[in-house]
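> predicted coordinates and the sequence they were generated for:
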2 protein chains.
Amino acid sequence: MQRTRFGDMPCSIARTWNVIGEPWSPLILRDIYVGVRRFDDLQASLGISRKVLAERLAWLVDQQVLDRHPYTNRPTRHEYVLTPRGAELCDALLVLAGWGDRWLAGEDGPPALFRHRSCGEASNVTLHCSHCDQPMTAADVDVLDGPGAPAREETP
Amino acid sequence: MQRTRFGDMPCSIARTWNVIGEPWSPLILRDIYVGVRRFDDLQASLGISRKVLAERLAWLVDQQVLDRHPYTNRPTRHEYVLTPRGAELCDALLVLAGWGDRWLAGEDGPPALFRHRSCGEASNVTLHCSHCDQPMTAADVDVLDGPGAPAREETP
DNA sequence: CCCACCGAGTTCCCTCAAGGAACTTAGCTG
DNA sequence: CAGCTAAGTTCCTTGAGGGAACTCGGTGGG
């Protein structure tokens, strides 16, 4: 929850940022993605303030990125799991991680490897076009107004 | 610059977040990517405080994501352009935008379309494995320690 | 020559969120 | 009953975000 609300902007990047743009949010998702699912475990793993963690989790549940469900009654205890929405966000994390691996890893090399289960190799993600299946990066793209674009001034 | 420094964590997501995780950073990159390159234009386009914009631009230049170079002397004026590092970050923005398009666009549809220049179609990005070229998402991945992982305790 | 103007910041002040530590609550467990 | 544990919640301090006004160097007009 930053000062300016990004969620109302006519821009999918801004809206996405509104959901996961606060500090800690992507790291919380990362931890849940790799299997750290409980409040105290998350707090210990991240070193985050309990207050902020509680706020973030509530927000992410509210945004339908996470689901809070009990893993035991007697006593009732909850854990946080990814929703389909949240799982797709992890794809974006994979790309961010790839960028960090490429540009920020330093001499030691990347701190984590991603093994593609179906081919068994540690690899990185590359971006392809959903239409022609060929590689596609931001440099190969023209940005056009979409149907949800704000109305424009008539040609001046 | 958030309170906790993410840049020192042994995690490429955290390190990447340290570079672009503050509010506004991805929107600044987006604007520069689509051609808004000057201070006042960015300020007007984003509605950001001039103070924060100046801070962010300086930080992004410092992180080698942007380059500040003069587009005219007499009087000296500067514009901000993407470095190769920054251009690759825009790939990640494309993925974030895709997620926003899919989950947050609402009835009006996405506010922007991305046309793949080589095939001419408006499309989205999908993630593929850099090794086997097949589709690859976070759900198909095992996360392993990499060479830059912190040393672990001996097996307890 | 003087004044207004423009781009690109910088300074000042206020508010609100991040961080930390301590406290709470509900239900086991010995 | 005392203590423990998971999962928050409360309180306080500090510092970043936001806005508005100010600065600075150069330019162009009268």
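Perfect, thanks for sending it.
> now tell me which helix or strand of chain A has the poorest mean pLDDT.
strand A:66-72 (a mean of 89; mean pLDDT, DSSP states H and E).
> strands paired with it, and their directions?
In the sheet, strand A:66-72 lines up against strand A:77-82 (antiparallel) (DSSP bridges).
> low-scoring stretches of chain A, by residue?
Scanning chain A for pLDDT under 70 picks out the ranges A:1-3, A:152-156.
> pull the longest helix from it.
The longest helix of chain A (DSSP state H) is helix A:84-104.
> what residues does chain A have near DNA strand D?
For chain A, the residues in contact with DNA strand D (CB under 7 Å from any atom of the strand) are A:2-4, A:38-41, A:50-51, A:54, A:57-58, A:68, A:75, A:77-79. (Each C-beta comes from the backbone N, C-alpha and C, glycine too.)
> pull out the buried positions in the least confident helix or strand of chain A.
Residues of strand A:66-72 classed as buried under the neighbour-count rule (16 or more other CB atoms under 10 Å in any protein chain shown) are A:66-67.
> now do stretch A:19-39
Residues A:19-33, A:36-37, A:39 are the ones in stretch A:19-39 that count as buried (16+ other CB under 10 Å).
> ok, now stretch A:95-108?
Quick answer for stretch A:95-108 (16+ other CB under 10 Å): A:95-101, A:103-105.
> tell me which parts of chain A are close to DNA strand C?
Close to DNA strand C, as judged by CB under 7 Å from any atom of the strand, chain A has residues A:1-3, A:22-24, A:47-52, A:55, A:74-76.
> pick out the most distant pair among those.
Using CB to CB, these span at most 43.2 Å, a distance reached by A:3 and A:74.
> any residues touching stretch A:45-63, and which ones?
A:1, A:19-20, A:22-25, A:27-29, A:31, A:36, A:39, A:42-43, A:66-68, A:80, A:85-86, B:4 (CB atoms under 8 Å, 6 or more residues apart in numbering or on different chains).
> in strands, which of these appear?
A:66-68, A:80 (DSSP state E).
> which residue does chain A have closest to DNA strand C?
residue A:74 (2.9 Å; CB to the nearest atom of the strand).
> tell me the spacing between the closest residue to residue A:145 other than its chain neighbours and residue B:124.
What sits nearest to residue A:145 in space, not counting adjacent residues and going by CB to CB, 6 or more residues apart in numbering or on different chains, is residue B:112, at 6.6 Å. Residue B:112 sits 11 Å away from residue B:124, going by CB to CB, to the nearest Å.
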